[in-house]
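Asks: Can you look at this prediction? I've put the sequence above it.
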Amino acid sequence: MVDLPQIPKVGETIVVERMSPTKQCVIIFEYIVTAVQFNASNESAELPDARINACLNHCWEGTSNFKMTNFLEK
């Protein structure tokens, strides 16, 4: 699960960083959003606002000082 600053639209790119468990580097995953399903229930604040389906588009390694400023781009 990933928290995003806003709900993406189909076709947008999402970039997610994860620290490598074995190396001192960041693994960067680039996904393309293929579907968005909004959560209509207000029963629990713990439920996400929406679920997305995304296809992995690209993956690469970066250094630990790599900073992402835009998580969503068109």
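Replies: Great, that's in hand. Residues are numbered from 1 along each chain as shown.

Asks: for the nearest residue to residue 38 once chain neighbours are set aside, what are its contacts?
Replies: Closest residue to residue 38 apart from its sequence neighbours, by Cβ to Cβ, 6 or more residues apart in numbering: residue 50 at 4.8 Å. Glycine gets a C-beta too; all of them are placed from N, C-alpha and C. Neighbouring residues of residue 50 by Cβ atoms under 8 Å, 6 or more residues apart in numbering: 7, 36, 37, 38, 39.

Asks: Between the residues you listed, which has the least confident prediction?
Replies: Looking at the contacts of residue 50 by pLDDT, the weakest one is residue 39, with 77.

Asks: From residue 12, how far out is that residue?
Replies: 19 Å (Cβ to Cβ, to the nearest Å).

Asks: Tell me which helix or strand comes right after the helix or strand harbouring residue 16.
Replies: Element membership of residue 16, judged by DSSP states H and E, is strand 13-19. As assigned by DSSP H and E, the chain's next helix or strand after strand 13-19 is strand 25-38.

Asks: Which strands or helices does that next one pack on?
Replies: strand 13-19, strand 50-63 (3 or more Cβ pairs under 8 Å, 6 or more residues apart in numbering; DSSP states H and E).

Asks: Buried residues of the last one, list them for me.
Replies: Meaning strand 50-63. By 16 or more other Cβ atoms under 10 Å, the buried positions in strand 50-63 come out as 52, 54.

Asks: mean confidence score for that strand?
Replies: For strand 50-63, mean pLDDT is 85.

Asks: what angle separates it from strand 13-19?
Replies: 50 degrees (axes from the mean of the first three to the mean of the last three Cα atoms, to 10 degrees).
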